[in-house]
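Trainee: compute the structure for the input listed below.
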Amino acid sequence: MKKILIIEDEPSIRELVNYNLKVNGYEVLEAGDGNVGMDMVYSEKPDLILLDIMLPGKDGFEICRELRNAGIKTPIIMLTAKNEETDKVRGLDFGADDYISKPFGIREMMARIKAVLRRYDVADIPGISPETETNSHTITVGDLVIDPDRYVVTEGGKEIEFTLKEFELLRFLAENRGHVFTRDEILDKVWGIDYVGETRTVDVHIRHLRKKLSQGDEDKYIETIRGKGYKIK
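Mentor: Below is the predicted model of the structure:
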């Protein structure tokens, strides 16, 4: 049974989400405070976190950033204010996997949760980053070596840390080196046809990849084709 942690300070929202998650077969944990929620991530090791932005103690952005900086890859879905694009983009910048705008419908919430969990199940990566198995093949692009089996990327022999979705995006582009993909095509291939987010998500993740690859030369590997999309050079 998958374990989901709700970090939300509004009791009525927690109650509604808790009930519907349990009806759908999930184990549910709750925290109404950011600091308490952080502690529960480490002690309970949930399979997914529903994370509100405005929280007492420690806000959602800070929690997301700290978890990702600590190497914790537990999928995070941010709960954002309606139509606040800035909050959505900041959440993705800090390493969130998806977002849900308040007020949200239960069907939308369940669809997003199932989609994110399904992506992580395919990757077979638990919440806290584990030791990995030996590899069977790698993808090489210049100084980059991508190991799809161990979810490891090295550049010039130095390992680079990526979130799961960043890794999947880099691997997809590298496997199709030279081919230009539109944002919609990338969403379809990397996020899946059931993803209901915005194409802006692709731009944010591309920016993350560029910042982590070849410090000082952000365009070394990923090329933007104006009016079309992206490709690995």
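Trainee: from here on, just use CA atoms for contacts and neighbour counts.
Mentor: OK.
Trainee: so for stretch 117-134, mean pLDDT?
Mentor: Regarding stretch 117-134, the rounded mean pLDDT is 52.
Trainee: ranges for the strands of the chain?
Mentor: Counting by DSSP state E, the chain has these strands, from start to end: 3-7, 27-31, 48-52, 76-81, 98-102, 139-141, 144-147, 152-155, 158-160, 222-225, 229-232.
Trainee: got the contact list for the last one?
Mentor: Think strand 229-232. For strand 229-232, contacts defined as CA atoms under 8 Å, 6 or more residues apart in numbering pick out 173-174, 176-183, 221-225.
Trainee: swap in the first one?
Mentor: By CA under 8 Å, 6+ apart, the residues outside strand 3-7 that reach it are 14, 18, 26-34, 37, 41, 46-52.
Trainee: try the fourth one
Mentor: With contact meaning CA under 8 Å, 6+ apart, strand 76-81 is reached by 48-53, 60, 64, 87-88, 91, 95-103, 113.
Trainee: hmm, try it at 7 Å
Mentor: Strand 76-81 is contacted from outside by 48-53, 87-88, 91, 96-102, using CA atoms under 7 Å, 6 or more residues apart in numbering.
Trainee: same thing with the fifth one?
Mentor: Where contact means CA under 7 Å, 6+ apart, the residues beyond strand 98-102 that reach it are Ile76, Ile77, Met78, Leu79, Thr80, Ala81, Lys82, Lys88, Met109.
Trainee: buried subset of these, written for PyMOL?
Mentor: A single PyMOL command is used to select the members of those judged buried by 16 or more other CA atoms under 10 Å:
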select buried, resi 76+77+78+79+80+81+88+109
